[in-house]
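[1] One predicted model, sequence on top.
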Amino acid sequence: MANTSLFIGRFQPFHNGHLSVVKGMAKVSDRVIIGIGSSEIHGTPDDPFTREERREMIQRALQEENIIPLRDVSFVNLPDMLEDEAWAKMCLEICEGGVTTVWTGNEWTKKSFGGVGIKIQDIKEVPGISATEVRRRMKAGEKWQELVPSAVAEYIKEIDGVNRLK
């Protein structure tokens with residue numbers, strides 16, 4: 001089986017730390033799957049962007065960086081579920097063709113996939129860069145653009161993302 005890596009995140013918004021992970025995945029994976037977590041949730045202060053908007057942010061960032069040909073990247077929408085192991089199994093079913101490694105720094109995701117026998121690649125948060133911090137700065141009218149790829153900042157401006165958060 002090809003080395004297929006799955007990176008799950010809410011990507012609210014996609015930031016430079018996320019981009020760094022995808023760059024690392026691209027170096028060691030035959031196939032990259034980006035799982036848009038909590039895909040059914042949007043329009044809230046913690047989850048302002050729709051799954052379509054999050055996918056567009058990621059695609060634009062990857063194209064801008066010329067990291068991976070988009071044919072080698074696929075996207076899946078991963079809605080929330082209450083039961084951890086059932087959620088992990090659902091994620092794997094949605095990712096047709098099999099997953100060899102899940103890339104995550106999220107303890108809940110590690111625990112969920114721990115029970116289904118998938119290798120976990122632990123990722124560390126980049127200090128000072130988180131979607132929570134990006135959203136906080138947007139709401140406060142502070143500089144946030146430096147925390148996201150420039151293509152993402154441009155897209156958020158296009159969709160009036162900052163005003164939607166305020």
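    Arrived safely, thanks for sending. Residues are numbered from 1 along each chain as shown.
[2] Output the below-cut-off pLDDT ranges for the chain.
    Within the chain, the set of residues satisfying pLDDT under 70 comprises 1, 68-71.
[3] all helices in it, in order from the N-terminus.
    Here the chain has its helices, by DSSP state H, at 16-28, 51-65, 84-94, 107-114, 131-140, 150-158, 161-165.
[4] Of those, which is nearest Leu78?
    Between Leu78 and these, the shortest separation by Cβ to Cβ is 5.4 Å, and it involves helix 84-94. For the C-beta atoms, the positions are set from N, CA and C on the backbone; glycine is no exception.
[5] returning to what we had before: so of the helices of the chain, which one's packed in deepest?
    Mean neighbours per residue, mean count of other Cβ atoms under 10 Å, is largest over these for helix 51-65, with a mean of 20.
[6] quick check: angle from that helix to helix 150-158?
    Interaxial angle of helix 51-65 relative to helix 150-158 (axes from the mean of the first three to the mean of the last three Cα atoms, to 10 degrees): 140 degrees.
[7] Report the distance from helix 51-65 to the chain centre.
    Relative to the mean C-alpha coordinate of its chain, helix 51-65 is positioned 10 Å out (Cα atoms, centre = their mean, to the nearest Å).
[8] Could you report the distance from the nearest residue to Arg135 once chain neighbours are set aside to Ser38?
    With sequence-adjacent residues excluded and distances taken as Cβ to Cβ, 6 or more residues apart in numbering, Arg135 is closest to Leu165, at 6.1 Å. The gap separating Leu165 from Ser38 is 17 Å, by Cβ to Cβ, to the nearest Å.
[9] just Ile156 next, same as before
    Taking Cβ to Cβ as the measure, Ile156 and Ser38 are separated by 18 Å.
[10] Skipping adjacent residues, who's closest to Ser29 in space?
    Leaving aside its sequence neighbours, Ser29 is closest to Ser5 (4.0 Å, by Cβ to Cβ, 6+ apart).
[11] That neighbour: what's it in contact with?
    Neighbour list for Ser5: 25, 28-29, 31-33, 99-103, 121 [criterion: Cβ atoms under 8 Å, 6 or more residues apart in numbering].
[12] Could you rerun that using 7 Å?
    Residues near Ser5 by Cβ atoms under 7 Å, 6 or more residues apart in numbering: 25, 29, 32-33, 101, 103.
[13] what does Arg31 give?
    By Cβ under 7 Å, 6+ apart, the contact set of Arg31 is 2, 4, 72.
[14] My guess is the first one contacts Val32. True?
    No - with contact defined as Cβ atoms under 7 Å, Ala2 and Val32 do not form a contacting pair (10.9 Å).
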